[in-house]
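Asks: Predicted model and sequence follow; I will ask about them next.
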Amino acid sequence: MDFRKIRLSLAFGPKARSEFYDLLANFISDGIDTYNAIARIHKQYVIAKRPTAEITDEVMRAMAGQSGRALSPGQALSKFVPAMEAMTIDAGADAGSPHEGFVMAKRLCDNQQEARSVVLGEVLYPVFLLAMFFGVLIMVGHLMLPRIETVLPREKWTADARFLGWMGDHSIPIVIGVACAVAALVAAYFTTRETWTGKSRQFFDEHVFPWNVTCSINSAMLLSAVAVMLRSSVPFGAILDKLSRTSGPWMNYHFAAMRARLRRGLREGDSLAGELFDKETRWQIQMYGEVHNFGEGIDKLSVRVAKRILERVKAQFAVIRFALLIAVAFMVVWVYWTFLALTMSIRSSAGAIG
């Protein structure tokens, strides 16, 4: 395991990259060339003893040609940033507007940061509710029911109480089973999200959480990257080739379908509007493909799509939160009424004895 790579990846996350791109865009637009702008930022990183100084140092050496060939800013940064951001930076430079490349890379980075913060923020509350549900189950099974059983034998309990007693007796295996199921789902997701392709994957991308969330977010990020490169006068076919070289099997599956439609003579909008995007986005991409300023139209669409997808992700997590909240509330009410029935049974037994 490369701990240096992990450490630098954490230090140069979306927030740090966004700040870095913003500084470069402003410096370059004010007349400072890219190399000197990075050198000035590197000096401040060194003074502040930030780990990102290692990144800027390596980037400067790569741009200066220390490896035998001088690399472009995007190529030099490609080891430390997502491929789409690196290609966007070089697309701006190739179009004669390097500061615009960093502006658009910052936008991609900000979109990724917002999507990540939304997902992480939305996940925490369901996890808390699930932990609360398990806590109530374990407390009932191991603290409360055994005491009641010493007063009233289990064979005299009501049917609900006996079922609650069974759940309490098996609370630890139940919790472990659910935790293993969740862990298996998470493992399956991370194992297949970049490699699984085909019709079955398409069904999961459209209907099954969390694959549908990943598909939605990646489609928005791709649309933004394509828009940036189209605005920088990069041909659509070249964009697909560049993205394919740095993408996994799942993305390349969609890129191959786009290239096949392009080879059949379809317009750029019709070629781009594949199964990666939802129906609401597809027809708008196709419509913009009919106008001469396709890149500008896709750029505006990418902003709208990013906002809509984040709202959709929030809505999906809201459904999960509501379901878990109902489950916890039902558990609390059921336990209350079961204990009320047990209390009445204990009183009845005590009265009969008296």
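Replies: Received it, and whenever you're ready, just let me know what you need. All values reported here derive from a predicted model rather than from experimental measurement.

Asks: care to break this protein down by domain?
Replies: The chain breaks down into these domains under automatic domain parsing: 3-81, 108-354.

Asks: Of those, which is nearest A91?
Replies: Minimum separation from A91 across the domains of the chain (CB to CB) falls at domain 108-354, 4.0 Å. Glycine gets a C-beta too; all of them are placed from N, C-alpha and C.

Asks: Any buried residues in stretch 111-123, and which?
Replies: When neighbours are counted by 16 or more other CB atoms under 10 Å, the buried residues of stretch 111-123 are found to be N111, Q112, A115, V118, V119, E122.

Asks: sorry, that was for stretch 46-55
Replies: Judged by neighbour count using 16+ other CB under 10 Å, the buried positions of stretch 46-55 are R50, T52, A53, E54, I55.

Asks: Equivalent analysis for stretch 294-302, please.
Replies: Under the neighbour-count rule (16+ other CB under 10 Å), stretch 294-302 has F294, G295, G297, I298, D299, L301, S302 buried.

Asks: residues contacting the closest residue to W196 other than its chain neighbours?
Replies: The spatial neighbour of W196 that comes closest, neighbours along the chain excluded (CB to CB, 6 or more residues apart in numbering), is W250 at 6.5 Å. For W250, the contacting residues are R193, E194, T195, W196, T197, R201, taking CB atoms under 8 Å, 6 or more residues apart in numbering as the criterion.

Asks: so who does the fifth one touch?
Replies: The one in question is T197. When the contact criterion is CB under 8 Å, 6+ apart, the partners of T197 are P249, W250, Y253.

Asks: ok, the closest residue to it other than its chain neighbours to G289 distance?
Replies: When the adjacent residues along the chain are set aside, T197 lies closest to Y253, with 4.0 Å between them (CB to CB, 6+ apart). Distance, Y253 to G289, by CB to CB, to the nearest Å: 21 Å.

Asks: and what of K242?
Replies: Computed as CB to CB, the K242 to G289 distance reads 20 Å.

Asks: Tell me where the model's unsure across this protein.
Replies: Counting by pLDDT under 70, the low-confidence segments of the chain come to 1-2, 349-354.

Asks: doesn't S232 make contact with S97?
Replies: Yes: assessed by CB atoms under 8 Å, S97 is found in contact with S232 at 7.3 Å.

Asks: which of these two has more neighbours?
Replies: Set S97 next to S232 and count neighbours by other CB atoms under 10 Å: S232 wins out with 22 against 17.

Asks: and after the host helix or strand of P173, which helix or strand comes next?
Replies: Assigning secondary structure by DSSP states H and E places P173 in helix 171-192. Scanning the chain past helix 171-192 towards its C-terminal end, the next helix or strand to appear is helix 199-207 (assignment: DSSP H and E).

Asks: where do the helices sit along the stretch 101-250 of the chain?
Replies: Taking DSSP state H, counting those that start in this stretch as the test, the helices found in the stretch 101-250 of the chain are 145-151, 159-169, 171-192, 199-207, 211-231, 236-245, 249-263.
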